[in-house]
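*Asks:* build me a structure from this.
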Amino acid sequence: MNDDPFIQEIESRLAALGEDITLNVMGSLKADFRNLTSIYGSLMTMLKNRSILPDDQYQYEEKISEITPITAEPFLEGAKATVISTRMHAFERQLKFLNDFYAFSLEHMTLARLKNLTQFLRFVRWDSFSESSQEGNTRALAELVAKVRKGDDAILAGLAKDIPTQIAAQATKIFESLKKVSTFKREEYKVQIRRGFWGDLNLAPEEVAGNPDNVQKRIKKDFAIAMKGYPYVSELIKELLDEDFGKNSEHFRGEVLLRLSVVKVVKEKPKPVDDPKLDLMEAVRAIGSLNIPFDAGLKKLQENVFLMDHGPSGIGEVFQTWFRTIMGIKSKPNIYEIELYDNVSNSNRTEQLNFTKWSEDLSIRLRLLTAVANRASPQFQGLLSKSEDEVLDWFDRQFIEASKAVERMAGLDEFFKTEAPKDTRSQVKGIKTEISSVRTGMANANKLKHDYVGKKEEQEQLKRLGIRTQ
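*Replies:* This is a model prediction of the structure:
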């Protein structure tokens, strides 16, 4: 058995396949999981900001050491909101574990772990995401998303339609990579059995065909002794019997070699042209996604303004505000003196901020950012049709405006915490989390922009040297 040319050919192809997966699949697989986490996080934030998805109060108590499938057990209609929130947060936590701690290597990714990963990703059937789905998790989440999609905010409705589609596309890429890894691990498992106790069984084709139950019992008994620590996969044992003793043995062996040679054919294909503009448009979408933390922070600041103006029980003043509004009498603008950090002088400076006008202007800009975060929106398509220089100029303007806005949000956050009356200070809502999310998002957008600039400069340099890049 050790000198079997078929086994030697499999081992040779496995070695080549393993090297290719390590070099070309594992890195992209990890990147695809990071992208999935980012997109899924946007979905969670959107649902939370619309008060559609409640927080999971137990999310920090769970210790994760392995990826496990999210349960799909049926639940009562009255418990749907709580159950789907718990499951969605569990999915998010495990995605973060994948990004931060999971070992993306052939050694770590056993058949059992691959099975768990695949089932984990099927928590929701993103490729058939519908309110009429027969799968409970899919249907429940689709109903939540539909509340945004069918709402009166056209921009958010577009995002609610676009995000599940993006997740489905990302999940498809991950499944394709996992299938390649699974092909390797399945054939590796079969080789280990062939190199182990398989030859000692002294099986004959007539025995395998005539007494299949007895043969399976013998195999399972010897497997438990010779392959301790390995799972007994009956499907793969059946494949071994078909390949080595079946009537169509040559056909099944040919299929094995074909599966192991597919990657070589793919590897020989030319790499697609790397279009720098794709990075630039992703930077545009990254800037657009800032609308979510900006909007959440602005709403809290507006609530703090109301608290400063009216106190905890200002019903009478609320009525007066309403009366002035219907009579067309403009309210006095809210002007606050806030501290801002001056990068030029390396010191703090004060600014008289007209909060009323500032918040109105910011709301207008946020509607634009929300639109460009959606690939299908007219605003995004309009930018896509412009020249790269025009898009870059647009990005730089938005980045500068976002920088100014987040610094003023930080100044207002500090102002309300220190200047609110003592009897209402405990009710002031802080926005440190939203500010941090904005700054993280800006750093990500800026990185994508610099990736674009770097690739563009590289192409220009090659062009000057007379080297074609397309």
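*Asks:* tally of neighbours for Gly136?
*Replies:* Residues lying near Gly136 (other CB atoms under 10 Å) number 17. For glycine as for every other residue, the C-beta is placed from the backbone atoms N, C-alpha and C.
*Asks:* could you pull up the contacting residues of it?
*Replies:* Residues near Gly136 by CB atoms under 8 Å, 6 or more residues apart in numbering: Ala72, Glu73, Pro74, Phe75.
*Asks:* and these as JSON lines, adding distance to Met281 and secondary structure?
*Replies:* Shown next, in JSON lines, are these (distance: CB to CB, whole Å; DSSP: H, G, I helix; E, B strand; the rest coil):
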{"residue": "Ala72", "distance to Met281": "36", "secondary structure": "coil"}
{"residue": "Glu73", "distance to Met281": "41", "secondary structure": "coil"}
{"residue": "Pro74", "distance to Met281": "42", "secondary structure": "coil"}
{"residue": "Phe75", "distance to Met281": "40", "secondary structure": "coil"}
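*Asks:* of all those, which comes closest to Glu457?
*Replies:* Nearest to Glu457 among the contacts of Gly136 is Ala72, at 49.5 Å by CB to CB.
*Asks:* quick check on that closest one: phi, psi?
*Replies:* Main-chain torsions, Ala72, degrees, to the nearest 10: phi -120, psi 20.
*Asks:* same thing with Ile338?
*Replies:* When quoted as degrees, to the nearest 10, the phi and psi of Ile338 stand at phi -120, psi 160.
*Asks:* can you pick the most crowded of the contacts of Gly136?
*Replies:* Using other CB under 10 Å as the neighbour criterion, Phe75 leads the contacts of Gly136 with 17 neighbours.
*Asks:* how close does that one get to Pro164?
*Replies:* According to CB to CB, to the nearest Å, Phe75 and Pro164 sit 21 Å apart.
*Asks:* export the contacts of Gly136 to a markdown table and tack on distance to Arg285 and pLDDT?
*Replies:* What follows is these, written out as a markdown table (distance: CB to CB, whole Å; pLDDT from 0 to 100):
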| residue | distance to Arg285 | pLDDT |
| --- | --- | --- |
| Ala72 | 32 | 91 |
| Glu73 | 36 | 93 |
| Pro74 | 37 | 91 |
| Phe75 | 35 | 90 |
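*Asks:* can you tell me which two in those are farthest apart?
*Replies:* The span of the contacts of Gly136, defined through CB to CB, is set by Ala72 and Phe75 at 9.8 Å.
*Asks:* host element of the residue lying closest to Tyr232 once chain neighbours are set aside?
*Replies:* Take Tyr232 and drop its neighbours on the chain: the residue closest to it by CB to CB, 6 or more residues apart in numbering is Phe223, 5.6 Å away. In the assignment (DSSP states H and E), Phe223 maps to helix 212-226.
*Asks:* show me the strands in this protein, by range?
*Replies:* Assigned by DSSP state E, the chain shows strands spanning 335-342, 347-354.
*Asks:* next, the buried residues of stretch 357-371.
*Replies:* Buried positions in stretch 357-371, judged by neighbour count with 16 or more other CB atoms under 10 Å: Trp358, Ser359, Leu362, Arg365, Leu366, Leu369, Thr370, Ala371.
*Asks:* same question for stretch 252-263.
*Replies:* Phe252, Arg253, Val256, Arg259, Leu260, Val263.
*Asks:* and of the residues you listed, the nearest to Thr138?
*Replies:* Minimum distance to Thr138 across the buried residues of stretch 252-263 is 30.8 Å, recorded for Arg259 (CB to CB).
*Asks:* ok, the residue nearest to that closest one when sequence neighbours are not counted - contacts?
*Replies:* Excluding its sequence neighbours, the residue lying closest to Arg259 (CB to CB, 6+ apart) is Thr183, at 5.5 Å. The contact partners of Thr183, by CB under 8 Å, 6+ apart, come to Leu17, Arg259, Leu260.
*Asks:* got a list of what the last one touches?
*Replies:* So the one you mean is Leu260. Residues in contact with Leu260, defined by CB under 8 Å, 6+ apart, are Ile10, Arg13, Leu14, Leu17, Thr183, Glu187.
*Asks:* the spatially closest residue to Ala286 that is not a sequence neighbour: what's it in contact with?
*Replies:* Of all residues not flanking Ala286 in the chain, Ala445 sits nearest, at 3.7 Å (CB to CB, 6+ apart). Neighbour list for Ala445: Ala283, Ala286, Ile287, Leu290, Phe395, Phe399 [criterion: CB under 8 Å, 6+ apart].
*Asks:* which parts of the stretch 301-450 of the chain are helices?
*Replies:* In the stretch 301-450 of the chain, the helices defined using DSSP state H, counting those that start in this stretch lie at 315-326, 355-372, 378-384, 388-419, 432-464.
*Asks:* nearest to Lys228, out of those helices?
*Replies:* Nearest of those (CB to CB): helix 432-464, 46.9 Å.
*Asks:* what's the angle from that closest one to helix 388-419?
*Replies:* Helix 432-464 and helix 388-419 are oriented at 160 degrees to each other (axes from the mean of the first three to the mean of the last three CA atoms, to 10 degrees).
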